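K.L.:
okay, sequence plus prediction incoming.
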Amino acid sequence: MPKLTKTGSEIGSSEAGAIVLHKTSFQTRHEVLQKHKLARAGVEAIDEVRNQRALRRGTHLEAGVAAWANEEIERLSGGDAIMFEPTEAYRKEGLGVASSIDRIIELSEPLTLPKPDGDTLTLHGQGIVEIKTDFYHHDKPKPEWVIQVMHQMFCAEMNWAIIACMCQKGRLHLYPVMWNKQLVEKMVNAYAEFWELVKSDGEYPPVAEDEKPEYVDISEKLTESNQDLQQLCADYHRAAGEERHWKKLKEEIKLGITMTLDGLGVEYATIPGYQIKAASQTKEKKQTIGTGEFYEALSFTIKETSNE
């Protein structure tokens, strides 16, 4: 979905999670704050979003996942489901919030979907569909996703949304989210604080020591698709150790070859199967060009050659 909101005057739904939760997979509230301050000053911020690969993946797969979700919703409801992509942002005038929504859907028949806690929700009429592709979450929507669709519901004045996520092993999950008045009130308060900081050129307070994220034991959350994480960590640790070993060994072998050629009084040599270069070169120091300062450097290469 292309960005339809105005940075500097409107908080978009993809920024809501960072402002309310302090950070998301893509940005922190501090980064969002700086971006809006720069926009107000007429400076275009460099969009240094984390997880660019995930962002590009979502952009390319959005249309396909939306069509898949539409088909699955019709199958589950037994009726027609008309889905369309809005071309304008939904706005709450005077509050500095707006939303670019992936899809709006109109149900002809009630749709009942399971919640992650085992309960179910029945949806009627018109609602929002947010498209996600995430191969590493654990069978429930991320908190930042819930904040995002709650922001969309607030702006569009709708009372339900579906997060359609293509997840592990290419499966499609449909997560229903209902309007939550208490959560929206918390979000509105966070937005008010955000705009006060923008207008006053203020900053969020530094994260207190006891608020810093703690390492979470995810042992019981690993699924079939990522249960080999422990083995991957062990392989990485072993490979790092082997890398250090082979790097040291490589330097020792290089020294042995260089000393052998030096003892023979040659810098360029060939032997069956290999072409060797171990030549001393005089170079001028780049940081002192024009001063006449030079240093000696070894140019070393070994190339495999044909034995023919």
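P.N.:
Ah, there it is. Please read all numbers here as calculations on a predicted model, not as lab measurements.

K.L.:
is there a neighbour count for Val266? I'd like the number.
P.N.:
By other C-beta atoms under 10 Å, 12 other residues sit near Val266. For the C-beta atoms, the positions are set from N, CA and C on the backbone; glycine is no exception.

K.L.:
from Leu76, how far out is it?
P.N.:
78 Å (C-beta to C-beta, to the nearest Å).

K.L.:
burial of His22, as a residue count?
P.N.:
15.

K.L.:
please apply the same query to Asp117.
P.N.:
For Asp117, the number of neighbouring residues by other C-beta under 10 Å comes to 7.

K.L.:
same thing with the one 10 residues further on?
P.N.:
By other C-beta under 10 Å, the residues close to Gly127 number 24.

K.L.:
where does it land in three-state SS?
P.N.:
strand (DSSP: H, G, I helix; E, B strand; the rest coil).

K.L.:
isn't it right up against Ile163?
P.N.:
No: in this structure Gly127 lies outside contact range of Ile163 using C-beta atoms under 8 Å: 11.2 Å.

K.L.:
quick one: low-confidence parts of the chain?
P.N.:
Along the chain, segments meeting pLDDT under 70 span 1-2, 44-55, 57-58, 136-138, 168, 207-214, 223-227, 282-296, 307-308.

K.L.:
need the strands for it, in chain order.
P.N.:
81-84, 90-92, 97-99, 103-107, 111-114, 120-123, 126-133, 160-166, 172-178, 268-271, 274-284, 294-304 (DSSP state E).

K.L.:
any idea which of those strands gets closest to Pro205?
P.N.:
Across these, Pro205 has its closest neighbour in strand 97-99 (22.9 Å, C-beta to C-beta).

K.L.:
now do the domain split for the protein, please.
P.N.:
For the chain, the domain assignment from automatic domain parsing gives the residue ranges 13-204, 246-304.

K.L.:
deepest in the core, which of the ones you listed is it.
P.N.:
Most buried of the domains of the chain, by mean neighbour count (mean count of other C-beta atoms under 10 Å): domain 13-204, with a mean of 17.

K.L.:
starting at the chain centroid, how far to that domain?
P.N.:
Relative to its parent chain, domain 13-204 has a centroid offset of 15 Å by C-alpha atoms, centre = their mean, to the nearest Å.

K.L.:
and that domain, end to end?
P.N.:
20 Å (C-alpha to C-alpha, to the nearest Å).

K.L.:
what of stretch 20-35?
P.N.:
Using C-alpha to C-alpha, one end of stretch 20-35 lies 16 Å from the other.

K.L.:
just checking, His124 touches Pro110?
P.N.:
Yes: His124 lies in contact with Pro110 (C-beta under 8 Å); the separation is 5.4 Å.

K.L.:
got the contact list for Gly263?
P.N.:
By C-beta atoms under 8 Å, 6 or more residues apart in numbering, Gly263 lies in contact with nothing.
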